[in-house]
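K.L.:
everything below, folded, please.
(one chain, ligands or ions: 2)
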Amino acid sequence: MIKRTKINDLLRFDTAVDEVVVKGWVRTKRDSKGFSFIEVNDGSCLKNIQIIAESSLNNYDDITRLTTGSAVAISGKLAESPGGGQKWEIQAKDIQIISIASEDYPLQKKRHSDEFLRTIAHLRPRTNKYSAAFRIRSELSYAIHKFFRDRGFRYVHTPIITGSDCEGAGELFRVTTLDMENAPRIDGQVDFTEDFFGKEAGLTVSGQLSGEMFALALGDIYTFGPTFRAENSNTSRHAAEFWMVEPEMAFCDLEGDMDVAEEMLKYLANFVQENCAEDIELFAKFVDKELLNTINNVISSDFIRLPYEEAVEILENSKEKFEYEVSYGKDLQSEHERYLTEKHFKKPVIVFNYPREIKPFYMRQNDDDRTVAAMDILVPRIGEIIGGSQREERLDKLEARMQEMGLPSEDYWWYLDSRRFGSVPHSGFGLGFERMLMFLTGISNIRDVIPFPRTPNNIEF
Ligand code: 4AD
Ligand code: MG
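P.N.:
Ligands and ions are numbered 1, 2, ... in the order given. The predicted structure follows:
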């Protein structure tokens with residue numbers, strides 16, 4: 001195989017090179033007297049490299065017929081570009097045409113709408129905006145592993161197929177091999193003992209419960225994987241398939257939990273700014289003019305830590321017209337979350353100690369008997385980006401709460417066992433990976449940070 005240089009590396013060279021090989025796709029071509037200029041992009045960075053193809057090349061006729069989107073392999077000399085605008089250009093010695101793109105290539109030179117590009121998700125990553133977004137997605141994944149590994153956390157693969165609805169919201173996608181038309185039934189009810197696993201199964205809504213088992217053995221762990229929720233809310237912040245980062249720390253209380261979460265958000269924001277500067281710049285220029293200020297505000301400010309009760313008071317006393325009413329005992333809506341972080345405090349806010357009625361069974365009960373040790377982190381433009389809690393480590397309290405909520409303890413016998421054999425205070429949280437990407441790029445619809453988004457009525461590609 002001929003070796004290939006990535007444009008991203010090439011543009012950083014500080015001396016000319018006699019022989020480089022670039023493989024990529026034609027962005028534009030301009031024919032002049034005796035030669036053609038071809039702009040080629042290989043997806044390694046935003047910038048194209050300019051190729052000079054002289055008419056003396058033996059396949060020059062074919063080269064003049066190259067269309068936008070065509071695939072080419074160029075070998076030639078990397079030389080200083082006299083034209084200005086770019087430092088280097090390639091004076092081609094050989095251009096191999098790998099394939100010619102059909103004339104109806106849908107990506108034109110003009111800017112396309114996000115809505116249109118979603119309909120051609122298979123070509124979307126060839127555009128500047130989306131190639132940048134997905135390079136950032138890749139870097140952010142790496143940063144997550146690096147953050148935790150540097151701090152001694154172990155990476156645990158929790159199952160994707162599961163029998164338990166961790167959040168208790170009934171949003172599980174069912175996994176079955178039963179014949180839908182002819183399901184075995186007992187008294188009219190589907191008999192899942194005949195199903196593949198011998199009981200009802202679904203796609204995971206969170207790796208947390210399994211993660212807890214490993215924190216109570218390895219100390220500090222994290223999971224990072226796909227998560228599925230069949231919530232039929234067609235919002236710009238919810239996807240049916242998304243990725244979640246879920247650390248779980250043994251011997252850690254709610255305050256420690258908030259400390260790790262705050263440190264992680266700052267680290268990730270900083271990492272992406274340092275390692276994806278050029279791609280981030282594109283978003284700061286064309287998508288959200290305030291982007292750099294918003295990101296720097298997260299990096300440099302101490303997050304506000306505010307009990308839920310005080311958050312409700314602030315919202316009740318605000319002059320803001322909300323669509324949904326606020327009162328103690330109700331969940332905060334995204335308009336409330338955004339008011340707190342964007343208008344009232346103008347920085348990230350951690351709301352903690354929520355009423356227990358609106359939170360899942362596993363959260364630790366506070367001494368006041370009406371709140372649990374939960375925390376949500378709210379950031380400008382997104383609202384909730386992280387949800388976490390200290391877990392109920394006391395067996396009697398956990399069992400009582402499960403009974404109150406009508407959860408069958410038989411199904412959770414293994415979870416309860418962890419409170420029997422060396423239970424310790426422990427805490428964790430979940431970061432919505434796509435929401436973090438939205439935050440870092442200014443992209444306002446979750447569909448546009450996911451390579452092939454899954455949302456209600458949408459599973460093309
Ligand atoms: O607040 P959530 O539901 O918390 C949990 O699942 C806990 N088990 C996490 C834990 O403590 N280990 O979800 C965590 C985060 C949310 O704050 C949000 O950022 C994201 O996951 N999220 C979604 N992102 C995209 N689409 C959806 N449908 C999402 N639902 C939650
Ligand atoms: Mg939540």
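K.L.:
helix/strand/coil for residue 401?
P.N.:
Classification of residue 401 by DSSP: H, G, I helix; E, B strand; the rest coil places it in helix.
K.L.:
whoops, residue 72 was the one
P.N.:
Per three-state DSSP, the local secondary structure of residue 72 is strand.
K.L.:
and it, bridged to which residues?
P.N.:
Per DSSP bridges, the residues bridged to residue 72 are residue 24, residue 97.
K.L.:
and it, how many neighbours?
P.N.:
The tally of other residues near residue 72 (other C-beta atoms under 10 Å) stands at 23. To be clear about C-beta, it is placed using only N, CA and C from the backbone, and glycine gets the same treatment.
K.L.:
same check, this time on residue 254
P.N.:
25.
K.L.:
just residue 297 next, same as before
P.N.:
Neighbours around residue 297, by other C-beta under 10 Å: 16.
K.L.:
what sits against it?
P.N.:
346, 347, 348, 380 (C-beta atoms under 8 Å, 6 or more residues apart in numbering).
K.L.:
what does the stretch 301-450 of the chain put close to ligand 1?
P.N.:
Within the stretch 301-450 of the chain, the residues that sit near ligand 1 (C-beta under 6 Å from any ligand atom) are 384-389, 428-430, 432, 434-435, 446.
K.L.:
one more time with 5 Å
P.N.:
For the stretch 301-450 of the chain, the contact set with ligand 1 under C-beta under 5 Å from any ligand atom comprises 384, 387, 388, 428, 429, 430, 432, 435.
K.L.:
the residues you listed: which two are farthest apart?
P.N.:
By the measure C-beta to C-beta, 428 and 435 form the most distant pair in those, at 17.3 Å.
K.L.:
which one of these two has more residues nearby?
P.N.:
Each of residue 428 and residue 435 has its neighbours counted (other C-beta under 10 Å); residue 428 has more, 27 against 23.
K.L.:
the more buried one - that's part of a strand, no?
P.N.:
Yes: counting by three-state DSSP, residue 428 falls inside a strand.
K.L.:
re the thing from before, of the contacts of residue 297 - the most surrounded one?
P.N.:
These, ranked by neighbours (other C-beta under 10 Å): first place residue 348, 25 neighbours.
K.L.:
my guess is that residue contacts residue 377. True?
P.N.:
Yes: judged on C-beta atoms under 8 Å, residue 348 makes contact with residue 377 at a distance of 6.2 Å.
K.L.:
quickly list what's touching both of those two.
P.N.:
262, 265, 303.
K.L.:
can you map out the helices along this protein?
P.N.:
7-10, 60-64, 114-118, 128-150, 208-218, 254-275, 277-286, 291-300, 308-317, 334-338, 395-404, 413-417, 433-441 (DSSP state H).
K.L.:
now residue 14: phi and psi?
P.N.:
Dihedral pair for residue 14: phi -110, psi 0, per degrees, to the nearest 10.
K.L.:
quick one, grab the pLDDT at it.
P.N.:
At residue 14, the pLDDT value in this model is 91.
K.L.:
that one - how many residues pack around it?
P.N.:
5.
K.L.:
how far away is it from ligand 1?
P.N.:
According to C-beta to the nearest ligand atom, to the nearest Å, residue 14 and ligand 1 sit 43 Å apart.
K.L.:
same check on residue 175?
P.N.:
In terms of C-beta to the nearest ligand atom, residue 175 sits 18 Å off from ligand 1.
K.L.:
on that earlier part again, and the helices of the chain, which is most packed in?
P.N.:
Mean neighbour count (mean count of other C-beta atoms under 10 Å) peaks for helix 433-441 among those, with a mean of 24.
K.L.:
contacts for it?
P.N.:
With contacts defined as C-beta under 8 Å, 6+ apart, helix 433-441 is touched by 132-133, 136-137, 140-141, 144, 224, 237, 239, 242-245, 265, 268-269, 272, 280, 283, 287-288, 291, 294-295, 298, 379, 381-382, 384-385, 443-446, 449-450.
K.L.:
what does stretch 353-367 give?
P.N.:
Applying C-beta under 8 Å, 6+ apart, the set of residues contacting stretch 353-367 is 166-168, 208-209, 254, 307-309, 328-331, 370-374, 376, 389-393, 397-398, 401-402, 405, 407, 425.
K.L.:
in ChimeraX, select just the buried ones from those.
P.N.:
Only the buried entries of the contacts of stretch 353-367 go into this ChimeraX selection, using 16 or more other C-beta atoms under 10 Å:
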select :166,167,168,208,209,254,308,371,372,373,374,376,389,390,391,392,393,398,401,402,407,425
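K.L.:
can you list which of the contacts of stretch 353-367 are found in strands?
P.N.:
Counting by DSSP state E, the part of these found in strands is 307, 371, 372, 373, 374, 376, 389, 390.
K.L.:
looking at these, spot the one nearest ligand 1.
P.N.:
Distance ranking of these against ligand 1, using C-beta to the nearest ligand atom, places residue 389 first at 5.8 Å.
K.L.:
residues in contact with the closest one?
P.N.:
Residue 389 touches 254, 257, 359, 362-364, 372-375, 427-429, counting by C-beta under 8 Å, 6+ apart.
K.L.:
from those, which is closest to residue 110?
P.N.:
Using C-beta to C-beta, those come closest to residue 110 at residue 429, 42.5 Å.
K.L.:
residues in contact with that closest one?
P.N.:
Shown in contact with residue 429 (C-beta under 8 Å, 6+ apart): 246, 247, 257, 260, 261, 375, 377, 386, 387, 388, 389.
K.L.:
what about the second one, distance to residue 237?
P.N.:
Distance check for residue 247 against residue 237: by C-beta to C-beta, to the nearest Å, it reads 22 Å.
K.L.:
who has more neighbours out of those two?
P.N.:
Neighbours were counted for residue 247 and for residue 237 using other C-beta under 10 Å; residue 247 has more, 27 against 18.
K.L.:
picking that back up, next, format the contacts of residue 297 as TSV and append pLDDT.
P.N.:
Formatted as TSV, the contacts of residue 297 follow (pLDDT from 0 to 100):
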residue	pLDDT
346	97
347	96
348	98
380	96
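K.L.:
any chance of the residues you listed in JSON lines, with distance to residue 109 too?
P.N.:
Shown next, in JSON lines, are these (distance: C-beta to C-beta, whole Å):
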{"residue": "346", "distance to residue 109": "39"}
{"residue": "347", "distance to residue 109": "40"}
{"residue": "348", "distance to residue 109": "39"}
{"residue": "380", "distance to residue 109": "34"}
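K.L.:
just the closest of these to residue 156, please.
P.N.:
Closest approach between the contacts of residue 297 and residue 156, by C-beta to C-beta: residue 348, at 27.3 Å.
K.L.:
what bits of the stretch 1-150 of the chain have low per-residue confidence?
P.N.:
Across the stretch 1-150 of the chain, the ranges flagged by pLDDT under 70 are 1-2.
K.L.:
returning to that earlier point: farthest pair in the contacts of residue 297?
P.N.:
Longest distance between any two of the contacts of residue 297 is 9.7 Å, between 346 and 348; criterion C-beta to C-beta.
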